[in-house]
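sequence plus the predicted model coming up.
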Amino acid sequence: MALMPQTLTRILHWLSEETGISPPRTRSTLELLREGASVPFIARYRKEKTGELDEVQIRSLEQGLHYYQELEERRSSVLASILDQGGLTEQLAAAIENCRRKNELEDLYLPFRKKRRTKATMARERGLAPLARSILQACGRSRDLQSLASPFVGPEVPGAGAALAGAGHILAEDLADQAQVRAGARELSRRKGRLCARAAPGKDLAPTKFEQYYDHGEPLTRAPSHRVLAMLRGEAEGVLRLGVDAPQTEILQGIRRAFIPAGHPHSDYLAEVAEDAYDRLIAPSIETELRAEAKDRAELEAIAVFAANLRNLLLAAPAGGRRVLGVDPGLRTGSKLAAVSETGRFLAQATVYPHTGAARIPEARRELLGLIRLQRAEMIALGNGTAGREMEEFIRETLQEAGLDIPLVMVSEAGASIYSASDIAREEFPHLDLTVRGAISIARRLQDPLAELVKLDPKSIGVGQYQHDLNQGALKNALDAVVESCVNFVGVDLNTASRPLLSFVSGIGPALAAAIVAHRDENGPFKSRRELLRVPRFGPKAFEQAAGFLRIRNAAHPLDDSAVHPERYKLVETMARDLGLRLSELAGNAERVAAVDLTRYCSAEAGLPTLRDIAAELSKPGRDPRERFQAAQFRKDVREIADLREGMLLQGTVSNVAAFGAFVDIGVHQDGLVHISHLANRFVKDPAEVVRVGDIVRVKVIGVDAARKRIALSIKEAAGPA
């Protein structure tokens, strides 16, 4: 939708108010977004225009703009509809123009919305609208209701009682359509209402995963996301019945004050009308709205937790360019082995059967050691699925007997089977079995988690909760934004990156990613960033957005392997020349970079924020911003839940973070839960303050329920070495 200048100015003002970002910075950022610039590009390379806004702030402006664009479209539609009906007054038009929320706009439009046939509709058809007006305007008159109603009795209105009932329906509907009345009832219900759950009628009270909600209530505004979503799941499965208990007495008092004039002779009648309007027309729709609000709020919080977990997982430390043997463990069907090169290229594969009888163990050892030695494996990545701990014991014993000191790392295989059967896996390895593809993926996850996990739908990675209950469009947008942010934060090797990885680079997308890979396959590795302009449909705009995030190892131009954007190459060359150095002598020389007086090179396009980024990159060009790799060490005597005992001290890896705590992989098939109350020796409001996905933590076992496969852990009680 093309926005009028005055409308855009109004939106800018509202966004600035809501975000606390100054109007000039808001305007500059929105202009960049409307020109098609990506959020990572704006945050990294346009700091002077935005005043150094980060990605979170830029995305909040982007989302706010989208909301207000939708609001403007709806506002135009509402104004046109009311105008067509002849009901648009100056006062109403002004109220509509000043609406900042969609529900406020819908309240104003409600009296003009086409309605289904209601009790009030039928009463109007029977000619009772004048009676309703007479009753409401009877203030100061002494005529009783029967006298007012008598003239309206006829074939379709059998008596005064029927006439008064019909008039009451008209008055109730008119009252329920008043925006101020609805707004007041909504606000009180929102502020003082309680979200309540009960066991569904007719259901026995047998224990279920929802039993804690059989008789549950809590303030609507404070209900945490995980409980809201759990209750909604229980209702969807027919176990629970949810409702909003509103402060009905207080709401009705407010409605009566607004509706019934002081000293009205028929106040008792009008009080009954007000109660009917609230009970029948206002309360049910407001309850629906507030339930939807609670669900939306819970979804947003759940999506935010999911996104934070995904970010931490994608930015997990990579083992780097080492030759890795990936192992997808199995029992009866054997364990699949796949060796990959330093760059993740598939080398060889084998299947071993160490768990199908003692007679096959020697053969399995020979196969394993043969593949390790032939392919010169430097690390072993072992999937943590079924038979993972059994396979870990077998591999460690084999390495020890052979005198080999090769690191063995347990790797999450969540989603590996989905990747194995995907179109991407078939394109990469059309002639390999699904299980071998899985072993390759496990090996590559150890080398570079980000590069491998971008091939998966983020929902299959297993770091969220209730993801199938969430708004799928909002979830996808949020998770795609996280992947885009992480890929561009780390940077991408242009000559080794897969098509899925390239597709998340700023300004590229799936079509250009495919074109880049095709050009690379046909013409060999790129020798410079500028060669990207030879790729079909890769124009100057795409180059501007993408080039700074792409790396070319051992390129002729030293800055092609850095995060310095090509638009700043001449500036850096000037810096080197002023120091009497060649560019290759400045790049990587932290001491000489520190000697550069950045203020000499400031301009409107490249101010100190950009110059500081350039200096940091010149000091360590092409550096990986992720943390140093390390792996948790599981206890050898703990392989399954039956091996756990209360009081045990263990080391594990945080596999998921939720609003109520963190799940930790301690080397058995079931992750343990550290409740939020056991995360630290202090009050913790948000588990993300204390732990994140991928953290290696010490935990103490404080409870084991083998029958329900539940493990309770504590970080705050874990003392001493695990």
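Received, thanks.

off-centre distance for the longest helix anywhere in the chain?
Longest helix in the chain, counting residues (DSSP state H): helix 283-314. Centroid separation for helix 283-314 versus its chain: 10 Å, with Cα atoms, centre = their mean, to the nearest Å.

now that helix: buried residues?
For helix 283-314, burial by neighbour count (16 or more other Cβ atoms under 10 Å) applies to 283, 286-287, 289-291, 293-295, 298-299, 301-303, 305-314. For glycine as for every other residue, the C-beta is placed from the backbone atoms N, C-alpha and C.

show me what it is packed against.
Counting contacts by 3 or more Cβ pairs under 8 Å, 6 or more residues apart in numbering; DSSP states H and E, helix 283-314 packs against helix 179-192, helix 225-236, strand 240-245, helix 449-453, helix 472-490, strand 649-658.

make TSV out of the ones you listed and add distance to residue 573 and mean pLDDT.
TSV is the format used below for those (distance: least, Cβ to Cβ, whole Å; pLDDT from 0 to 100):
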stretch	distance to residue 573	mean pLDDT
helix 179-192	60	94
helix 225-236	52	93
strand 240-245	65	94
helix 449-453	32	93
helix 472-490	25	93
strand 649-658	45	91
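
mind saving the C-alpha coords of whichever helix or strand comes after the longest helix of the chain as PDB?
Downstream of helix 283-314, the first helix or strand assigned by DSSP states H and E is strand 324-328. Taking Å, rounded to 0.1, in the frame of the first residue of the first chain, the C-alpha atoms of strand 324-328 are listed here in PDB:
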ATOM      1  CA  VAL A 324      35.800 -35.800  10.900                       C
ATOM      2  CA  LEU A 325      34.300 -39.300  11.100                       C
ATOM      3  CA  GLY A 326      30.500 -39.000  11.700                       C
ATOM      4  CA  VAL A 327      28.700 -41.900  13.400                       C
ATOM      5  CA  ASP A 328      25.000 -42.400  13.300                       C
END
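
tell me the mean pLDDT for strand 324-328?
The pLDDT scores in strand 324-328 average 96.

contact partners of that strand?
Taking contacts as Cβ atoms under 8 Å, 6 or more residues apart in numbering, the residues outside strand 324-328 that touch it are 335-340, 371-372, 375, 377-383, 385, 391, 395, 413, 416, 435-436, 438-444, 446-447.

make a markdown table out of the helices and strands packed on helix 283-314 and add distance to residue 149 and mean neighbour count.
Output for the helices and strands packed on helix 283-314, formatted as a markdown table (distance: least, Cβ to Cβ, whole Å; neighbours: other Cβ atoms under 10 Å):
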| stretch | distance to residue 149 | mean neighbour count |
| --- | --- | --- |
| helix 179-192 | 25 | 18 |
| helix 225-236 | 44 | 20 |
| strand 240-245 | 36 | 18 |
| helix 449-453 | 73 | 24 |
| helix 472-490 | 53 | 19 |
| strand 649-658 | 61 | 22 |
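
make JSON lines out of those and add distance to residue 717.
Converted to JSON lines, the helices and strands packed on helix 283-314 look like this (distance: least, Cβ to Cβ, whole Å):
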{"stretch": "helix 179-192", "distance to residue 717": "39"}
{"stretch": "helix 225-236", "distance to residue 717": "23"}
{"stretch": "strand 240-245", "distance to residue 717": "34"}
{"stretch": "helix 449-453", "distance to residue 717": "30"}
{"stretch": "helix 472-490", "distance to residue 717": "33"}
{"stretch": "strand 649-658", "distance to residue 717": "9"}
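
out of the ones you listed, flag the one nearest residue 260.
Ranking those by distance to residue 260, with Cβ to Cβ as the measure, places helix 179-192 first at 12.1 Å.

orientation of that closest one relative to helix 283-314 in degrees?
50 degrees (axes from the mean of the first three to the mean of the last three Cα atoms, to 10 degrees).

packing partners of helix 179-192?
Against helix 179-192 (3+ Cβ pairs under 8 Å, 6+ apart) you get helix 102-109, helix 248-259, helix 283-314.

so what strands line up beside the helix or strand just after it?
Downstream of helix 179-192, the next assigned helix or strand under DSSP H and E is strand 194-199. As defined by DSSP bridges, the strand partners of strand 194-199 come to strand 215-219 (antiparallel), strand 240-245 (antiparallel).

before we move on, the earlier item: average model confidence for the longest helix of the chain?
93.

quick check: closest non-adjacent residue to the residue nearest in space to the middle of the chain.
In the chain, the C-alpha nearest the mean C-alpha coordinate belongs to residue 303, at 3.4 Å (Cα atoms, centre = their mean). Closest residue to residue 303 apart from its sequence neighbours, by Cβ to Cβ, 6 or more residues apart in numbering: residue 478 at 4.9 Å.

could you check how far the one you found is from residue 557?
According to Cβ to Cβ, to the nearest Å, residue 478 stands 37 Å off from residue 557.

what about this structure, any weak spots by pLDDT?
Scanning the chain for pLDDT under 70 picks out 1-3, 139-142, 719-722.

per the annotation, how does it divide into domains?
Partitioning the chain according to automatic domain parsing yields domains covering residues 5-112, 156-308, 324-503, 564-621, 641-714.

switch the ones you listed over to JSON lines; also include distance to residue 547.
Converted to JSON lines, the domains of the chain look like this (distance: least, Cβ to Cβ, whole Å):
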{"stretch": "domain 5-112", "distance to residue 547": "10"}
{"stretch": "domain 156-308", "distance to residue 547": "27"}
{"stretch": "domain 324-503", "distance to residue 547": "10"}
{"stretch": "domain 564-621", "distance to residue 547": "5"}
{"stretch": "domain 641-714", "distance to residue 547": "30"}
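
which positions in stretch 540-553 come out as buried?
For stretch 540-553, by 16+ other Cβ under 10 Å, it's 542, 543, 544, 545, 546, 547, 548, 549, 550, 551, 552.

residues in contact with the first one?
By Cβ under 8 Å, 6+ apart, the residues touching residue 542 are 507, 508, 512, 532.

quick one: terminal-to-terminal distance for stretch 445-461?
12 Å (Cα to Cα, to the nearest Å).

so how far is that stretch off the chain centroid?
The answer for stretch 445-461 is 16 Å, by Cα atoms, centre = their mean.

what residues sit buried inside that stretch?
Result for stretch 445-461 [16+ other Cβ under 10 Å]: buried residues 445-456, 458-459, 461.

list just the nearest of the residues you listed to residue 123.
residue 459 (51.3 Å).

please name the nearest non-neighbouring residue to the closest one.
Once flanking residues are discounted, residue 459 sits nearest to residue 467: 5.0 Å by Cβ to Cβ, 6+ apart.
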